[in-house]
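[1] Curious how this folds, go ahead:
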Amino acid sequence: MTRILFRRAVARAAVWLSLLGLVALLTACGSLPAVKHMPPTLSLAPDPTTPLAKVVAASTPPDEHSGFRLMPLGVYSLDARIELARRAKHTLDVQYYVIANDGAGGLLLRTLKEAAQRGVRVRLLVDDLYTASTDQMLLAMTATPNIEVRLFNPFCCARASLPGRFAASVFDIYRLNHRMHNKLFIADGVMSVMGGRNIADEYFTLNSAQNFIDMDALVVGKVIEQLANIFDAYWNSEEVYPIGDIVTPYAGRTVMESDFDARVGMGAPPPKVILPPTDVLGYGPIGEELDEGRIGFLWGVANAVADPPAKLRSMTSDEAFESSVTARFWQRLLTAENEVVLTSPYLVPGERGMAGFRQLRDWGVDVTLLTNSLAANDEPLVHSGYARYRKRLLEDGVDLYELSPARTTRNKRLGVFGSSLGRLHAKTAVVDKRLIFIGSVNLDPRSATQNTELGLAVFSPQLAREMLRIINISKLESAYRVRLEPKTGRLEWLSMDEDKEVVLYDEPESSWLQRLKINLLGPLVPEDLL
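    Numbering: from 1, shown residues only. Next comes the predicted model:
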């Protein structure tokens, strides 16, 4: 597990198991402040005279609803956020599950501070699960006028490490198991970047050990107002606290801007992200088009949906599911007449999901799933949950593909992975080659009933063709096809090696120790903790 992607296992089984040993050592537990001093604020109406608003106006044909630019290339997606932040004049609303203390995280936070120094109002909302290495940086940002930082569902104390946080909150585990998984970036109320990426090097192919295949979209048009309203609902919710009410400066110091400046190198020129001339779809970096005053988009009718911030606070598990983005995602899938193609890095369908896939197959709908292989999965216990359903999915006629780290490394079309492991993180779907879904939702129990999620459904045959092109690159060039051997029912993994079909009979690219761990530990973990 990496330092960032330790997250899901810790938030699930590992946390619960480790607490059994820690609880005996506890002498007291802390609590959150009783009163929050947090005046509500709302998104500002867009100013049509800002540079970004003028670009959107010049780029929008008459009577179109919303425009989209898919960003499968990680470095392009990071560059888009930086370009929007540097060009914003009035507002930046930023919401993430993870902002890491690394190159990508430091570059984004530095750029947000530079925007605030120009007079831009910056509202930054971060889930508190992985802030042990960043909360002092985030607190220091608030010393800059125009920046406000809030934490979603924070830990009360012992904040220096994740195990310490859970140990000091042992009687508050039910609340702390509820995390904000949303990813959203809105500039001047007219342009947004949303999708599956957190802010860390591995989401932008900048990590030397592992990197993700993921998907974001640059968004403009009428759906921006929906996204802004979603951000406001979270920003002003009871689950959110000003960072100054939770985080205390080290050793009683006052908040030091100089500490933040030293960490992100404010005195030096900003680091440059090296960009290829075009991505796999033939698009160039958006900065060039912003300079020209017009961006090419694909257009469609869109709807943004998000879980309520209070998911599970006053709901049963069934009620949480019924109101969830996952449930609405399934409602869209079950409108399919011919074909469903989806990617989900953490695929644990459960009986609800299996019933949905079986219903689609009974209707004659072709279903194709792309997920991580054991070797590609950064969460082995989640893979064990998926493996429980793998044979049943194949028996129901689902076409199943698992991402190969080795093949992904060799395939340069979705980014240069070097010697790092390639992993899938994109959460996407295409229905009948005309409806797409993109967002933060995994097809697993955590997305369904624990985490909050954000998603975007778009009716656009042109956009669907581009999404299918990207999925097919991973499916056909970077993945194994999984099937059942007709006579024995044994699992087989197929790949093409120099135009020759290769068949494997064990989890490919995995060690015997990895397979032993999931076989021994996987059955012990309840599915609702995966």
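
[2] OK, contacts around the nearest residue to residue 127 once chain neighbours are set aside?
    Distance criterion Cβ to Cβ, 6 or more residues apart in numbering; nearest residue to residue 127, sequence neighbours excluded, is residue 180 at 4.2 Å. Placement of C-beta: from N, CA and C, glycine included. Contacts here follow Cβ atoms under 8 Å, 6 or more residues apart in numbering; on that basis residue 180 touches 95, 97, 125, 127, 152-153, 234, 239, 309, 451-452.

[3] what's the lengthiest strand in the chain packed up against?
    The longest strand of the chain (DSSP state E) is strand 298-306. Helices and strands touching strand 298-306, by 3 or more Cβ pairs under 8 Å, 6 or more residues apart in numbering; DSSP states H and E, are strand 66-71, strand 216-221, helix 223-235, helix 325-333, strand 454-459, helix 461-477.

[4] Dump these to a markdown table, plus mean pLDDT and mean neighbour count.
    Listed next are those as a markdown table, based on pLDDT from 0 to 100; neighbours: other Cβ atoms under 10 Å:
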| stretch | mean pLDDT | mean neighbour count |
| --- | --- | --- |
| strand 66-71 | 98 | 25 |
| strand 216-221 | 98 | 26 |
| helix 223-235 | 98 | 20 |
| helix 325-333 | 95 | 20 |
| strand 454-459 | 98 | 24 |
| helix 461-477 | 96 | 19 |
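
[5] of those, which approaches residue 136 most closely?
    Residue 136 lies closest to helix 223-235 among the helices and strands packed on strand 298-306, at 22.0 Å (Cβ to Cβ).

[6] elements contacting the closest one?
    Using 3+ Cβ pairs under 8 Å, 6+ apart, helix 223-235 sits against strand 91-96, strand 121-127, strand 184-187, strand 191-195, strand 298-306.

[7] what about the helices in the stretch 401-530 of the chain?
    In the stretch 401-530 of the chain, the helices defined using DSSP state H, counting those that start in this stretch lie at 405-410, 445-449, 461-477, 512-521.

[8] Give me the packing partners of the longest one, helices and strands only.
    The elements that helix 461-477 packs onto, with contact taken as 3+ Cβ pairs under 8 Å, 6+ apart, are strand 66-71, strand 298-306, strand 339-343, strand 366-372, strand 428-431, strand 435-439.

[9] I would like the residues contacting the fifth one, please.
    Going back to what we said before, that points to strand 428-431. If you take Cβ under 8 Å, 6+ apart as the criterion, strand 428-431 is touched by 196, 215, 329, 332-333, 335-336, 339-343, 436-438, 464, 467-468, 471.

[10] Please state the offset of that strand from the chain centre?
    Distance of strand 428-431 from the chain centroid (Cα atoms, centre = their mean, to the nearest Å) equals 16 Å.

[11] Pull up the pairing partners for that strand, direction included.
    Taking DSSP bridges as the criterion, strand 428-431 pairs within the sheet with strand 339-343 (antiparallel), strand 435-439 (antiparallel).

[12] Taking the centroid of the protein, which residue is nearest it?
    Taking Cα atoms, centre = their mean, the centroid of the chain lies closest to residue 196, which sits 3.2 Å from it.

[13] Please list all residues in contact with that one.
    Residues near residue 196 by Cβ under 8 Å, 6+ apart: 183, 214-216, 425-428, 438-440.

[14] One more: residue 449?
    Shown in contact with residue 449 (Cβ under 8 Å, 6+ apart): 311-312, 317, 320-321, 324, 528.

[15] Take those and write them to a markdown table, including neighbour count, pLDDT and secondary structure.
    Output for the contacts of residue 449, formatted as a markdown table (neighbours: other Cβ atoms under 10 Å; pLDDT from 0 to 100; DSSP: H, G, I helix; E, B strand; the rest coil):
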| residue | neighbour count | pLDDT | secondary structure |
| --- | --- | --- | --- |
| 311 | 24 | 88 | coil |
| 312 | 19 | 72 | coil |
| 317 | 13 | 82 | helix |
| 320 | 23 | 87 | helix |
| 321 | 17 | 90 | helix |
| 324 | 26 | 92 | coil |
| 528 | 16 | 72 | helix |
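
[16] pLDDT on stretch 38-57, on average?
    The average pLDDT within stretch 38-57 is 94.

[17] contacts for it?
    Stretch 38-57 is contacted from outside by 84, 87-91, 93, 121, 123, 148, 150, 186-191, 220-221, 228-229, 231-232, 235-236, 240-242, 245, 289-290, 293-295, using Cβ under 8 Å, 6+ apart.

[18] In PyMOL, how would I select the buried members of those?
    This is how PyMOL selects the buried members of these, with burial counted by 16 or more other Cβ atoms under 10 Å:
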select buried, resi 84+87+88+89+90+91+93+121+123+148+150+186+187+188+189+190+191+220+221+228+231+232+235+240+241+242+289+290+295
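
[19] among the helices of the stretch 401-530 of the chain, which is nearest residue 352?
    For the helices of the stretch 401-530 of the chain, the distance to residue 352 is smallest for helix 445-449, at 7.7 Å, taking Cβ to Cβ.
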